[in-house]
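> Here is the input, now give the coordinates:
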Amino acid sequence: MSKTMTKYQLEHFQDKVRRNFEPLIKEQELLVKQFKTEATNKIVGRLAKKMGADKILDSFRKAEAQLRKAQDDARTFFKKKADKDKKEINSYRFDREEKLSLSDCEEQMKDWARELVDAEIRRRPEGAKLKQLEQLKQHSIDVVMESGTPEDLIKALDHTTKKIGIAWVVDTSKIKQISQ
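So this is what the prediction gives:
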C-alpha cells in the first residue's frame, strides 16, 4: 500500500532541491557573468564603430569636456565672488546635470552589446551548462510535485541528481562522532 505525501513532505523535498541546485546555479551564473562582462566590454567599441556611433560618442566626449570646463570655471568664479563679497550661492545651480549625457549614450551601447553577448554566451559551454542546470532543477521540482510516495521520490531525485554529482541520499554511517 503506498501512502501519499503530506504538504510538508512536498515542501521539504522542494526546499532540498533548491538547496542542492542553488549553489551550483549561482556558481555557473558567476562564470557566465564574468564572460558576459568581458565580451560586452570588448564589443562596445567595435559595435559603436560598426554602427557609426563612435564619431557621435567622440564628439559628445569633447563637448562634455568643454561643458565640464565651463562649469568648473563658473563654479570657481561664482564661489570666489561669493566669498569675496560674502554672498550666498545656490549650489544646486552649479551641480545640475543635463538630461542627456555621454554616459547615457555609452550605457545604451552597453545595453545593445549585452544583448549580443547574451545570445553568444548561450552558445558557450558555460551558458549551456547553466541552462542544463536550470532545466535539471525544474525537472527535479516537477518530480517532487508529481511523485506518489516519499520512497519513489527519493529514488527519482537520487537518480536525477547523480548526473551532476549530488548524492541525494547521504550515507551518515561514515561520519565520525564528535567526542565531548
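> The most centrally placed residue in the chain sits in which helix or strand?
Central residue of the chain (CA atoms, centre = their mean): Lys33, 6.3 Å from the mean position. Using DSSP states H and E, Lys33 maps to helix 7-51.
> Looking at that helix now, give me its mean pLDDT.
Helix 7-51 shows a mean pLDDT of 91.
> so what secondary structure elements neighbour the helix or strand immediately after that helix in the chain?
The helix or strand immediately downstream of helix 7-51 is helix 53-85, counting by DSSP H and E. Applying 3 or more CB pairs under 8 Å, 6 or more residues apart in numbering; DSSP states H and E, one finds that helix 53-85 contacts helix 7-51, helix 92-95, helix 102-121. C-beta here means a position set from N, CA and C on the backbone, and glycine is covered the same way.
> quick one: least confident helix or strand in the chain?
Ranked by mean pLDDT, DSSP states H and E, the weakest helix or strand in the chain is helix 92-95, scoring a mean of 46.
> coming back round to it: now render the helices and strands packed on helix 53-85 as CSV, adding distance to Arg61.
Listed next are those as CSV, based on distance: least, CB to CB, whole Å:
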stretch, distance to Arg61
helix 7-51, 12
helix 92-95, 21
helix 102-121, 6
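> So which of the ones you listed is nearest Pro150?
helix 7-51 (5.9 Å; CB to CB).
> And the closest one, how far out from the chain middle?
Per CA atoms, centre = their mean, to the nearest Å, the displacement of helix 7-51 from the mean C-alpha position of its chain is 6 Å.
> same thing with stretch 160-174?
On CA atoms, centre = their mean, the centre of stretch 160-174 falls 29 Å from the chain's centre.
> can you pull the buried residues of that stretch?
For stretch 160-174, the neighbour count (16 or more other CB atoms under 10 Å) marks Thr160, Thr161, Ile166, Trp168 as buried.
> State the pair within those that is farthest apart.
Spanning the widest gap among those are Thr160 and Ile166, at 8.9 Å by CB to CB.
> Which secondary structure state is assigned to Ile164?
Following DSSP: H, G, I helix; E, B strand; the rest coil, Ile164 is assigned to coil.
> Now do the SS call for Val170.
Following three-state DSSP, Val170 is assigned to coil.
> for it, phi and psi?
phi -100, psi 130 (degrees, to the nearest 10).
> shift numbering so it begins at 21
Sure, I'll start numbering at 21, so the last one becomes Val190.
> I'd guessed Arg142 sits against Ala148; true?
Yes - using CB atoms under 8 Å as the test, Arg142 is close enough to Ala148 to be in contact (7.2 Å).
> about what we covered before: any idea which of the helices and strands packed on helix 73-105 gets closest to Leu87?
Shortest distance between Leu87 and the helices and strands packed on helix 73-105, using CB to CB, is found for helix 122-141: 9.8 Å.
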